[in-house]
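Visitor: how does the following fold in three dimensions:
(chains A and B, ligands or ions: 2)
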Amino acid sequence: MQNPGFDIDIAELDELMLLLASKAEEAVQKASHALKTQDIDLCGAVKTNDSIIDRLQLSIDDKVIEIIATRQPVASDLRKLLSVMKLASDFERAADYAVHLAKATKLFLNEPQWRQLEKIMQMADMGAAMIHGTAQAYKIRSSALARQTAQLDDQIDHIHKSLLQETLLFLRQYPEEAERATRIIILSGHLERLGDHMTNACEAIVFMVEGIHADLNE
Amino acid sequence: MPSHDILHMELNFPSDHIALSTKNLEVIYADGARAVKGISLSIPKKATTAIIGPSGCGKSTALRAFNRMNELIPGTVTKGEVLFHSRNIYAPSIDPVTVRTNIGMVFQKPNPFPKSIYENIAWAARIHGHKGNCDELVESCLRKAALWDEVKDKLRRSAMSLSGGQQQRLCIARTLALTPEVILMDEPTSALDPLSTASIEELTSELKKDYTIIIVTHNLQQAGRISDMTAFMLLGDLIEYAPTKKLFVNPEDERTERYITGRFG
Ligand SMILES: Nc1ncnc2c1ncn2[C@@H]1O[C@H](COP(=O)(O)OP(=O)(O)O)[C@@H](O)[C@H]1O
Ligand SMILES: [Mg+2]
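Guide: Ligands and ions are numbered 1, 2, ... in the order given. Take a look at the predicted model:
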């Protein structure tokens, strides 16, 4: 039988996973803060952080592959490993969106009067909260917390829709601001996707814990 | 069918898809030990069903109860029913030898007769009252057991000269010669190396096109690889019986989970 050491392997994965999640959460928070405070240095830090996140994701994948190859896990062990791989990829994507957000800082330098940025930051804060909730649900293996966390996505979607309308109207009024307005639309789309990725991650946690494919995208 | 349905499939085989079923099957040895404590299950036709569980949980005893082999162990009492073609094989009117012909058994250690390869199979034909030339039967059984190409030029050699894996396939060929419907296998690969094991596993997936296979194995990966249904036994009880895919991805019972993930006891 395959057990000895398996729980140690899982503990190691948990550690990597929670580190990845906290780095992703931090990236979104920092990107939002960089945009708010027009801090170009902080924006650079988010970019540097991203290569660490990429490497973390790869080490999680490697570890999962190693465990599957050497231990042939089944049942909840197998579900855990597959969920871990999905989660890691969702966290990594979330951090990518943070980099895009940080990069926008330059474009809005000395343009603090942009009302729409408020909503972008609101979405980013919710995105960070979703990452936090997802990581916590994974840590304590709670499908209830995962379901609860996924609900935050509705609010992000809601802001995204209203921001889109608002910005399109604005664009008609001020066509000379097309570049910045378009960027707002793109960022809003990214943060909406971030919410989707965390919803997927929450579904992976439900699968890990309960063994069922839940659709939390309602 | 969406994948989540596979995981929650109900065990509703239509009755004409059932090869064999048990009702409260119980086996008590002469010393009073209840090795099988009243199990009820339906084995689907032309499929492979694996029985897994820790050593001593009653897998072999249950398997032997499926073709009345326990009767060869003095003092063993069997209760409940094993239904085969809607008849209880333990009914007084039923001849156990016929039962064992229709429901064949392959053992853990290959046990060919110390005779030629040819004779090992021709023996079965003679039991059927066949006289004289059995070439066709020998060839067809060896082909079905995926052994023909390896032995066709040395049929008169002793079966004992074959490798372990070949001997096991010869034993399977010998069982096939009795034209069974169900083949019981008790850890048929536990004495074999990985390559011979692979050849037996491959053979079972061929055989299940025409036969119903019930295999006891202590190798969980093997159960996962070759079976359609898996039964998990513990201390003589049937704990869980489910499609293999379901049982190995999302078992219902905590004890099954602990056993298959290696956290038992
Ligand atoms: N001939 C026998 N007489 C008495 N007890 C037996 C006999 N054969 C097996 N047992 C007992 O019955 C239980 C189940 O044995 P068995 O069916 O061989 O288990 P498994 O195949 O799962 O390892 C064990 O406790 C074993 O010791
Ligand atoms: Mg046994």
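Visitor: need the residue closest to the centroid of the chain.
Guide: Looking at chain A here, since you left the chain open. Computing the C-alpha centroid of chain A and ranking residues by C-alpha atoms, centre = their mean puts residue A:94 first, at 3.0 Å.
Visitor: I was after chain B.
Guide: residue B:184 (2.0 Å).
Visitor: isn't the residue nearest to the centre of chain A up against residue A:194?
Guide: Yes. Here residue A:94 lies in contact with residue A:194, judged by C-beta atoms under 8 Å, at a distance of 5.0 Å. In short, each C-beta sits where N, CA and C put it, glycine included.
Visitor: close to chain A: what parts of the stretch 151-265 of chain B are there?
Guide: Contacts of the stretch 151-265 of chain B with chain A, taken as C-beta under 8 Å from any C-beta of the partner chain, map to B:220-221, B:224, B:248-251, B:256-257, B:260-264.
Visitor: hmm, back to that, now for the nearest residue to the residue nearest to the centre of chain B once chain neighbours are set aside, how many residues are close by?
Guide: For residue B:184, ignoring the flanking residues on the chain, the nearest one in space by C-beta to C-beta, 6 or more residues apart in numbering or on different chains is residue B:105 at 4.5 Å. If you count neighbours by other C-beta atoms under 10 Å in any protein chain shown, residue B:105 ends up with 20.
Visitor: take the residues of the stretch 151-265 of chain B next to chain A and keep only those in helices.
Guide: B:220-221, B:224, B:248-249, B:256-257, B:260 (DSSP state H).
Visitor: how about the helices in chain B?
Guide: Counting by DSSP H, the helices of chain B are B:3-7, B:59-65, B:96-102, B:117-127, B:135-144, B:148-151, B:164-176, B:194-207, B:220-226, B:244-249, B:254-260.
Visitor: closest one to residue A:8 among the ones you listed?
Guide: Minimum separation from residue A:8 across these (C-beta to C-beta) falls at helix B:254-260, 17.8 Å.
Visitor: which helices and strands does the closest one pack with?
Guide: In this structure, helix B:254-260 packs against helix A:75-103, strand B:229-234, strand B:237-243, helix B:244-249, with contacts taken as 3 or more C-beta pairs under 8 Å, 6 or more residues apart in numbering or on different chains; DSSP states H and E.
Visitor: contacting residues around the residue nearest to residue B:184?
Guide: Listed by C-beta atoms under 8 Å, 6 or more residues apart in numbering or on different chains, the contact partners of residue B:105 are B:63-64, B:67, B:69, B:175, B:183-186.
Visitor: go again with 10 Å.
Guide: B:63-64, B:66-67, B:69, B:171, B:175, B:180, B:182-186, B:188, B:214 (C-beta atoms under 10 Å, 6 or more residues apart in numbering or on different chains).
Visitor: hang on, the earlier thing: what's near enough to touch the residue nearest to the centre of chain B?
Guide: B:20, B:51, B:60, B:62-67, B:69, B:100, B:103-107, B:175, B:212-216.
Visitor: how does it look with 8 Å?
Guide: Counting by C-beta under 8 Å, 6+ apart, residue B:184 touches B:63-64, B:66-67, B:103-106, B:214-215.
Visitor: tell me which of those residues fall in strands.
Guide: Residues from these lying in strands, with DSSP state E as the criterion: B:103-106, B:214-215.
Visitor: what's the per-residue pLDDT of the nearest residue to residue B:163 once chain neighbours are set aside here?
Guide: Ranked by C-beta to C-beta, 6+ apart and with sequence neighbours excluded, the top spatial neighbour of residue B:163 is residue B:196, at 6.7 Å. Looking at residue B:196, its pLDDT is 92.
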